[in-house]
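The following comprises the amino acid sequence and a computationally predicted model.
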Amino acid sequence: MSHHRLTPSVHQQKNQLAEALNALRTTLELPGPFPEDALREAKEAVAGHELPELDFTHIEFVTIDPASSTDLDQALFIDRSGEGYKVFYAIADVPSFVAPGGALDAETRRRGQTFYTPNGRIPLHPEVISEEAGSLLAGQLCAAFVWEFELDAAAEVSAVLVRRATVRSRAKLSYRGVQAELDAGTAAPVLQLLREVGMKRVELERLRGGASLNMPEQEIEQLPDGGYRIVAAPPLPVEDWNAQISLMTGMAAAGIMLAGKVGILRTMPPPDEASLGHFHRQTRALGKPWDGAMSYGEYLRTLDPTDPRQLAIVHSAGMLFRGAGYTPFDGTVPGAAVQAAIGAAYAHSTAPLRRLIDRFVLVICEALSNGTAVPDWARAALPSLPSIMAASDQLAAKLERLALDTVEAALLVNHVGQEFDAVVISGSKPGKNGRNGNGGARPGNGSGPSGIVQIAEPAVTARCPGELEPGTEVRVRVLSSDIATREVRLELVG
């Protein structure tokens, strides 16, 4: 994986990049510093915080996150139990730090989630909570919602209980480090069991018709010299296995709330016939036809995103994952309760430090699981949460796209006139507008046929004019790249 630095000879462009990234906060009206009353409440909550009486500090929890993360929401421990497994999953007890109806509560509802930018993050909660007292840091006594799962030999859930308890994580592990230990055969038993349970949960996902896109993720990383690079790589296997534990918890949360007839679900309808028909045609055109005999989720697992034509199929499959939303209910169970991509009812419940809605789900599930009354403040918030989360999700997506556009333009600004190999990941007909040079729709792009191409090195995704067939390899030339406008202009060579 290569590093693309903005060298000292392009100091001006480096400054332009920093200015353009900083400008996103103003352009998108992102949240600024926390109000004084919210900060004061956070500090007072930490100073007066009391740990739960139930003591689970004997359980050897570990956290697994990106190496740089300090806002640690989840810690896990897995052991064998007869022919099956016992899974303990600790989730940060954020509700114990946020007083309902207070200034901090109001500010978190205004934000909705943590926003990530290449040059820093805008947290949902003040750092005294999100990166200190409320984070499941190794060696620290923490309050947590501990989910206890009994799994059978196939890793299917046979029993679940959620309680508030005091925990202490033993180690802060990284995805790359864990994967390396697993590959080398030196991983601790809990990590070997994570792989074992994770693989079985992947099989259960396949059996219930769940689907996930093995899309190479584009992440922006800041380099020590102040430059940036874009990392585009498929997720590590351990990330999938770890995600399966989170998915299992979200499904259990949905089940608890549906049984109690109060809560809020993350829902998504199945793809419509038009989308499925278009996807059928795309797979045939790209040489790996989906005949419908297997579910689309199972078909997606057969794709290799390192193959150009199959990568184009992965991008095309995005049309099957539309319409996600939030469904609150109180007293009656919703008719459409399933998240189609997961293949089951599901609720966000494992990232309360970074996502507002999880705080309410956790409190509701803990009450229902223990036969106590659901707090009125949690019930009263349910109708307002969908609009809060929808607006926050849209803003986060726009921020991610514009940040990528900006860094992509910076990566190419010193390569104007040069040629690169690229893969066509989508094509469009004349008059169809889409991503501009590297992201948004801009004037002038709809005058002729064009498509989206992925330059492998540097990792840049950009629009290019011409009759482009998805999955084909092409040669492109950089005509211009403007950091301030985030616009890249390419042309086909030959």
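Received the coordinates, thanks. Numbering: from 1, shown residues only.

Quick check on V46: phi, psi?
phi -70, psi -40 (degrees, to the nearest 10).

Let me know whether it touches S130 as I believe.
No: V46 is beyond contact range of S130, at 11.1 Å (criterion: C-beta atoms under 8 Å). To be clear about C-beta, it is placed using only N, CA and C from the backbone, and glycine gets the same treatment.

and those two? which has more neighbours close in?
Shown here are V46 and S130; by other C-beta atoms under 10 Å, S130 has more neighbours (25 against 15).

Tell me the pLDDT of that one.
Predicted confidence (pLDDT) for S130: 97.

Return the residues in contact with it.
S130 makes contacts with D71, T114, P123, L124, L353, R354, as judged by C-beta atoms under 8 Å, 6 or more residues apart in numbering.

and the gap between it and E181?
According to C-beta to C-beta, to the nearest Å, S130 stands 28 Å off from E181.

Looking at the contacts of S130, state which has the most neighbours.
Neighbour max across the contacts of S130 (other C-beta under 10 Å) = L124, 27 neighbours.

Ignoring the adjacent residues along the chain, who's closest to that residue?
T114 (4.7 Å; C-beta to C-beta, 6 or more residues apart in numbering).

can you check A484 too?
Setting aside the residues directly before and after it, A484 is nearest to A20 in space (C-beta to C-beta, 6+ apart), at 5.9 Å.

Just the CA trace of the strand or helix carrying A180, in CSV.
Assigned by DSSP states H and E, A180 belongs to helix 175-184. Once non-C-alpha atoms are left out, helix 175-184 reads as follows in CSV (Å, rounded to 0.1, in the frame of the first residue of the first chain):
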residue,chain,number,x,y,z
TYR,A,175,-7.8,-5.0,13.8
ARG,A,176,-4.5,-5.4,12.0
GLY,A,177,-2.7,-6.7,15.1
VAL,A,178,-5.4,-9.2,15.8
GLN,A,179,-5.5,-10.4,12.2
ALA,A,180,-1.7,-10.8,12.2
GLU,A,181,-1.8,-12.9,15.4
LEU,A,182,-4.6,-15.1,14.0
ASP,A,183,-2.8,-15.6,10.7
ALA,A,184,0.4,-16.5,12.6
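
buried ones in it?
Using 16 or more other C-beta atoms under 10 Å as the test for burial, helix 175-184 gives Y175, G177, V178, Q179, E181, L182.

How far away from the center of its chain is that helix?
The chain centroid and the centroid of helix 175-184 are separated by 21 Å, computed with C-alpha atoms, centre = their mean, to the nearest Å.

go on, stretch 74-94?
22 Å.

For the helix holding A180, name the packing helices and strands.
Counting contacts by 3 or more C-beta pairs under 8 Å, 6 or more residues apart in numbering; DSSP states H and E, helix 175-184 packs against strand 62-65, helix 189-207, helix 237-260.

how much does the longest one deviate in direction from helix 175-184?
Interaxial angle, helix 237-260 versus helix 175-184 (axes from the mean of the first three to the mean of the last three C-alpha atoms, to 10 degrees): 110 degrees.

Check which element follows helix 237-260 along the chain.
strand 262-267.

Next: the first one.
Proceeding C-terminally, strand 62-65 gives way to strand 74-81 as the next helix or strand, assigned by DSSP H and E.

May I see the buried residues of that following strand?
Within strand 74-81, judged by 16+ other C-beta under 10 Å, the buried ones are Q74, A75, L76, F77, I78.

again, but for stretch 420-427
So for stretch 420-427, counting by 16+ other C-beta under 10 Å, buried means F420, A422, V423, V424, I425, S426, G427.

How about the third one, nearest residue that isn't a chain neighbour?
Residue nearest to V423 in three dimensions, not counting chain neighbours: P308, with 4.2 Å by C-beta to C-beta, 6+ apart.

With the second one instead?
By the measure of C-beta to C-beta, 6+ apart, the closest residue to A422 outside its immediate chain neighbours is V453, 4.1 Å from it.

Enumerate every residue touching P328.
G263, I264, L265, L382, P383, L385, P386.

right, I mislabeled it, should have said G102
E41.

ok, now the one 5 residues further on?
If a contact means C-beta under 8 Å, 6+ apart, then E107 has F34, P35, A38 as its contacts.

which residues sit in contact with the second one?
If I follow you right, that is P35. By C-beta under 8 Å, 6+ apart, P35 lies in contact with A103, E107.

Quick check: phi and psi at it.
The phi/psi pair for P35 (degrees, to the nearest 10) is phi -60, psi 150.

centre of the chain versus stretch 252-270, how much separation?
20 Å.

wait, doesn't I245 sit right on L76?
Yes: using C-beta under 8 Å, I245 is in contact with L76, at 6.0 Å.

Are there residues contacting both of those two? Which ones?
V87, Y89, L194.

Rebuild the buried residues of stretch 420-427 as a markdown table, extending it with secondary structure and distance to S96.
Below are those laid out as a markdown table (DSSP: H, G, I helix; E, B strand; the rest coil; distance: C-beta to C-beta, whole Å):
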| residue | secondary structure | distance to S96 |
| --- | --- | --- |
| F420 | strand | 52 |
| A422 | strand | 51 |
| V423 | strand | 49 |
| V424 | strand | 51 |
| I425 | strand | 45 |
| S426 | strand | 47 |
| G427 | strand | 52 |
